[in-house]
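# no sequence for this one, just the structure:
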């Protein structure tokens, strides 16, 4: 099955700094000044997939036709664009059209969880060409986990009939706080040995391309929005699994916070948990009350045989009333925290994902009950609280989106073009 990641196009075609075009040429493009004449900037006009002629590009950009022709040749040599038929002739030979060729290059998207890894090989439209899922133990440490990931990545190329030379970037999601600017985990609670580990540097020993790393919930938010809510500028993605976290999209942008820890709602205190100790050392954390292991532990303490979140899901699916009640209460606890988030951030969509979200309406009912009860009426008037549609593919789709936006940015395209010359 193919999963398609829809790309949002930005109308802004120039980057900050060095704003003066080398040629002095420029006009209005999509309502914004076209201030650059690099191949990477011209490429942005073709990212939407629409075929255009050299003359059309020259008219849009205000660049000389000879300049546009040179940029088209450079982008074609890099494999980013290709012929897309001919336009109607106004006399003489019909002009050729050119369009973005997303299948020319590939990226790797890696979603690492506490107990699993899902890896996808995607083209530049975000279509998943091949994927692999394997069980892992994140607590084994960075070297054995990443070695396994890299081995699986290598296998995907032959599985999809692609070559490693076509790779232009790798995106990785990790189940803990990440310093996004460096790609290094920052004191992750369930990842012993990972703190400060140079994940991009280690991966680049095997694949010499750009490597972007982020928290797994952040990339899930990106993936869910890109694939299913492209017009939602204010969205919260809540992952409920071994841990609980939120990916925050506000004003159309992913919010990471000052140090990359924005959205760590798993360690917000809930009212009924004052005597329950969390692994972080505090009492009453949401994660200690409503995560998969926490719900399983509570059921086991009441005499219901459950060791993991999967056990809880299985019991609920079979109609066990204690498990169903526990899932609904977990939803209420999550709703307690989300009610404050709704009042603070005013999202239009809250998406519940992660392993425990597979409990469906049992968990969702509890979340909705409390959020709609305790949030301001104006904040909930248009609010939708839904189960993830991307499901366990949200992380791969989001890691893909993160890398696509990076490698197709003007500066990155320019770098790729120069490497081909």
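Structure's in. What do you need? Since the structure is predicted, the reported quantities are computational estimates derived from the model, not experimental observations.

# ok, and for the helix or strand where residue 67 lies, which residues are buried?
According to DSSP states H and E, residue 67 maps onto helix 65-77. Buried residues in helix 65-77, counted by 16 or more other Cβ atoms under 10 Å: 67-68, 71-72, 74-76. Yep, even glycine has a C-beta here, placed from its N, CA and C like the rest.

# what packs against that helix?
Applying 3 or more Cβ pairs under 8 Å, 6 or more residues apart in numbering; DSSP states H and E, we find helix 65-77 packed against helix 39-44, helix 54-61, strand 81-86, strand 96-100, helix 410-420.

# now the helices for this protein?
Here the chain has its helices, by DSSP state H, at 39-44, 54-61, 65-77, 142-160, 199-204, 216-228, 286-290, 292-301, 309-317, 321-345, 361-374, 377-380, 394-407, 410-420.

# so how far is residue 67 from residue 38?
For residue 38, the distance to residue 67 (Cβ to Cβ, to the nearest Å) stands at 10 Å.

# Cross-check the contact I'm expecting between residue 65 and residue 59.
No - using Cβ atoms under 8 Å, residue 65 is not in contact with residue 59; the gap is 9.6 Å.

# ok so, going back, mind putting the helices of the chain in a markdown table, mean pLDDT included?
Output for these, formatted as a markdown table (pLDDT from 0 to 100):
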| stretch | mean pLDDT |
| --- | --- |
| helix 39-44 | 92 |
| helix 54-61 | 90 |
| helix 65-77 | 92 |
| helix 142-160 | 95 |
| helix 199-204 | 97 |
| helix 216-228 | 95 |
| helix 286-290 | 94 |
| helix 292-301 | 94 |
| helix 309-317 | 92 |
| helix 321-345 | 95 |
| helix 361-374 | 94 |
| helix 377-380 | 93 |
| helix 394-407 | 95 |
| helix 410-420 | 87 |
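
# related to what we said a few turns ago, of the buried residues of helix 65-77, closest to residue 110?
residue 75 (28.1 Å; Cβ to Cβ).

# Run a quick neighbour tally on the residue nearest to the closest one when sequence neighbours are not counted.
Excluding its sequence neighbours, the residue lying closest to residue 75 (Cβ to Cβ, 6 or more residues apart in numbering) is residue 81, at 4.6 Å. Residues lying near residue 81 (other Cβ atoms under 10 Å) number 25.

# and residue 81, what does it touch?
Contact partners of residue 81, counting by Cβ atoms under 8 Å, 6 or more residues apart in numbering, are 43, 46, 72, 75, 98-101.

# Let's have these in a markdown table, adding distance to residue 369.
Formatted as a markdown table, the contacts of residue 81 follow (distance: Cβ to Cβ, whole Å):
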| residue | distance to residue 369 |
| --- | --- |
| 43 | 49 |
| 46 | 48 |
| 72 | 57 |
| 75 | 53 |
| 98 | 54 |
| 99 | 49 |
| 100 | 46 |
| 101 | 49 |
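
# Top of those by number of neighbours, please.
Result: residue 43 is most packed of the contacts of residue 81 (other Cβ under 10 Å), 26 neighbours.

# OK, contacts around it?
Contacts of residue 43 by Cβ under 8 Å, 6+ apart are 71, 75, 80-81, 100, 408, 410, 413.

# Recalculate using a threshold of 10 Å.
Neighbour list for residue 43: 13, 71-72, 74-75, 78, 80-81, 100, 408-410, 412-414, 416-417 [criterion: Cβ atoms under 10 Å, 6 or more residues apart in numbering].

# Same check on residue 239?
113, 175, 215-218, 220-221, 245-247, 263, 265-266, 291, 351-357, 388, 394-395.

# Hmm, residue 372 is touching residue 342, no?
Yes - taking contacts as Cβ atoms under 10 Å, residue 372 lies within contact range of residue 342: 9.3 Å.

# Residue 253 versus residue 174, what's the distance?
21 Å.

# Neighbour count for these two, which is higher?
Per other Cβ under 10 Å, whichever of residue 174 and residue 253 has more neighbours is residue 174, with 27 against 9.

# Excluding chain neighbours, give the residue nearest to that one in space.
residue 112 (5.4 Å).

# pLDDT at the one you found, what is it?
pLDDT, residue 112: 95.

# Quick one: neighbours of it, just the number.
Around residue 112 there are 26 residues (other Cβ under 10 Å).

# mind checking how far it is from residue 122?
From residue 112 over to residue 122 (counting by Cβ to Cβ), the distance is 16 Å.

# next one: residue 186
Distance from residue 186 to residue 122, by Cβ to Cβ: 27 Å.

# neighbour count winner among these two?
Remark: of residue 186 and residue 122, residue 122 carries more neighbours, 30 against 17, as counted by other Cβ under 10 Å.
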